[in-house]
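Trainee: Fold the following for me, if possible:
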Amino acid sequence: MQYNHIAIEGNIGSGKTTLAGMLAADYNVRLILEKFADNPFLPKFYKEPEKNAFPLELFFMAERYHQLKSNKEQDLFQPQKISDYFFVKSKLFAQNNLKDDERQLFNRFFEIIFSSLSSPDLVVYLYSSIERLRKNIIKRGRDFEQDISDKYLENIQHNYLDYLRKQNHFPVLMLDVSDVDFVKQKDVYDSIKELINNKYDIGVHRKEL
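Mentor: Residues are numbered from 1 along each chain as shown. The predicted structure follows:
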């Protein structure tokens, strides 16, 4: 693997965790997965978003920070890793879910924490159509996700794309997975691995599969 830290990112249901697991197994590197199931506010958020958005995002940010800091201590023994998120995700979801006053307070905490973390060497963004995301969400069958609206998914997608276009911290490999299945199509998965083995300059690099 060309990079010490690859972060797989994308919208809800885009296949981040699946791809991260496949790549980590193939490259025999450390796998860091977000522990979303441990967040007690997640099911509550989808039922009453305004009431539970702030504790939801604070909990996620704290857990992501703790996980990344804990894993940093292992870098001396196993420096290469693949994660199914990057820390900026906290800010992007907060931007979508929080009210103005909550967002301002959240961003203060975020900036303090973010300054102590390193950026990934490569972000692989899995772009997917809303229709495909919806099918994936239904297929994996998490009860609390079934009522996510298309508008919500569109807003999250917009926040990701807007941030990735403007940032100047790391290279982004953007892959459109709307019409492919990298689990069942070995040629597609092999293409992803080939693309990941290339070096990229900082900025967004869109590639076809």
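
Trainee: low-confidence ranges in this structure?
Mentor: 72-77 (pLDDT under 70).

Trainee: Outside of the lengthiest helix in it itself, which residues are in contact with it?
Mentor: Criterion DSSP state H: the longest helix present in the chain is helix 49-72. Applying C-beta atoms under 8 Å, 6 or more residues apart in numbering, the external contacts of helix 49-72 come out as 30, 32, 34-36, 38-42, 44-45, 81, 83, 85, 87, 89-90, 93-94, 97-99, 102, 106, 109-110, 113, 116-118. Every residue, glycine included, has its C-beta placed from N, CA and C.

Trainee: Next secondary structure after it?
Mentor: strand 81-83 (DSSP states H and E).

Trainee: For the next helix or strand after that next one, which helices and strands make contact with it?
Mentor: Per DSSP H and E, the first helix or strand lying C-terminal to strand 81-83 is helix 89-97. Contacting helix 89-97 under the criterion 3 or more C-beta pairs under 8 Å, 6 or more residues apart in numbering; DSSP states H and E are the following elements: helix 49-72, helix 100-114, helix 150-166.

Trainee: In JSON lines, list these along with mean neighbour count and distance to Glu131.
Mentor: Below are those laid out as JSON lines (neighbours: other C-beta atoms under 10 Å; distance: least, C-beta to C-beta, whole Å):
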{"stretch": "helix 49-72", "mean neighbour count": "17", "distance to Glu131": "23"}
{"stretch": "helix 100-114", "mean neighbour count": "14", "distance to Glu131": "29"}
{"stretch": "helix 150-166", "mean neighbour count": "15", "distance to Glu131": "9"}
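
Trainee: nearest to Leu19, of the ones you listed?
Mentor: Ranking the helices and strands packed on helix 89-97 by proximity to Leu19 (C-beta to C-beta) places helix 150-166 first, at 15.8 Å.

Trainee: what does the closest one rub up against?
Mentor: The contact list for helix 150-166, computed with C-beta under 8 Å, 6+ apart, reads 9-12, 88, 92-93, 95-96, 123, 125, 127, 130, 133-134, 172, 174, 204.

Trainee: Kindly reformat the helices and strands packed on helix 89-97 as JSON lines containing distance to Ile138.
Mentor: As requested, those are exported to JSON lines (distance: least, C-beta to C-beta, whole Å):
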{"stretch": "helix 49-72", "distance to Ile138": "20"}
{"stretch": "helix 100-114", "distance to Ile138": "30"}
{"stretch": "helix 150-166", "distance to Ile138": "13"}
